[in-house]
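> Model the following, please.
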Amino acid sequence: MGFPGTWMTESESVVYRVVPKCACSTIGQIMFYSDHGEFFDGDIHDAKSGMHKWAFEESHGPITENVESQRSYAFTCVRNPYTRILSSFFDKICGIQRNGRRYRGNLVPLLIQKYGIEVGGDDGKQEFDQIASFRRFLLFARDTIRWRKPMDPDIHWSAMSGHVSTFIANGGRYDKIFWTEDFNGGMQEVLDNIETPFEVDLNQIPRFNESEGHGPKRAHPVEDYFDDLSMHLVYEIYKRDFDLFKYDFENPGNKMPIGEIDLDEVHAKLGD
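Numbering: from 1, shown residues only. As a prediction, the model looks like this:
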């Protein structure tokens, strides 16, 4: 199994477990900058050098050695499940991707046909009933996670706890898990605990939101997308995420956490 989704700076100053849709582009660029004194030119997910990534064969050794010996500070970042699944819908389902095509080829036509979803036309720019389409997408996301039909769940809407757990299950331990909703506070704590070749001033770091502009803008407040049934589906999919990362299930309009993350609890419950 190894450590899928794990990135590490070349200097081995820090180890990060990527959780999709949780500020991973910005975090990756901060890591790159901290080693090289400049940002990667392009989407950090496309970087083939300058950083260790589990996706590269040659990075397996250094990452495994580091993580198993818990040599470097290790962290990850999570996000409110309500806003994360909404973001996945607008970016991945309604949006045109950076290659100029729809995400995963035939996925959107399948959703239109089987679930009656609208996505704003060929370019994602036309008016459509965002709330009705999103709720139908939620049914699809639940089907992929619960029954792996009509396809396996996608990394962008599978539960955060699933991503976070692989790192623990294979011998890693997190020193910090922080929230995107308090990004500067959490990221600063990480930086305070590591030595980097180049100093990072968080106030000077742009936000690398690679998904922005891909799809239509959200037309309503978050809570408008979730009726009782939608909330039930979200809880069915993300119960562990709400519990472990201390988000407010009762109020989709409250994106802020309602408690502190207990790292011992996370390791105990996700280390099975």
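> now the longest strand belonging to the chain: mean pLDDT?
Looking across the chain with DSSP state E, the single longest strand is strand 73-78. The pLDDT scores in strand 73-78 average 98.
> tally of neighbours for residue 258?
Look at residue 258: counted by other C-beta atoms under 10 Å, it has 12 neighbours. C-beta here means a position set from N, CA and C on the backbone, and glycine is covered the same way.
> Make 55 the starting number, not 1.
All right, first residue 55 from here; so that's residue 312.
> How about it: what's its closest non-neighbour residue?
Nearest non-adjacent residue to residue 312, counting by C-beta to C-beta, 6 or more residues apart in numbering: residue 302, 4.8 Å away.
> Where does the prediction get shaky in the stretch 205-326 of the chain?
264-268 (pLDDT under 70).
> OK, contacts around the residue nearest to residue 312?
296, 308, 310-312 (C-beta atoms under 8 Å, 6 or more residues apart in numbering).
> Can you give the domain ranges for this protein?
60-134+210-258, 136-208+269-292 (automatic domain parsing).
> ok now the last one, how far from the chain's centre?
Using C-alpha atoms, centre = their mean, to the nearest Å, the mean C-alpha position of domain 136-208+269-292 is found 16 Å from that of the whole chain.
> and what of stretch 89-106?
Relative to the mean C-alpha coordinate of its chain, stretch 89-106 is positioned 18 Å out (C-alpha atoms, centre = their mean).
> Just the C-alpha atoms of it, please, in CSV.
What follows is stretch 89-106, C-alpha atoms only, in CSV (Å, rounded to 0.1, in the frame of the first residue of the first chain):
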residue,chain,number,x,y,z
ASP,A,89,12.9,24.5,-0.7
HIS,A,90,13.6,26.5,-3.9
GLY,A,91,12.8,30.2,-3.1
GLU,A,92,10.4,30.3,-6.0
PHE,A,93,7.0,28.9,-6.9
PHE,A,94,6.5,26.1,-9.4
ASP,A,95,5.5,27.7,-12.7
GLY,A,96,2.1,26.0,-13.3
ASP,A,97,-0.2,23.7,-11.3
ILE,A,98,1.9,22.1,-8.5
HIS,A,99,0.0,18.8,-9.2
ASP,A,100,1.9,18.8,-12.6
ALA,A,101,5.3,19.2,-11.1
LYS,A,102,7.5,16.2,-12.0
SER,A,103,10.6,17.4,-10.1
GLY,A,104,11.6,19.6,-7.2
MET,A,105,9.5,17.6,-4.7
HIS,A,106,9.1,14.0,-3.6
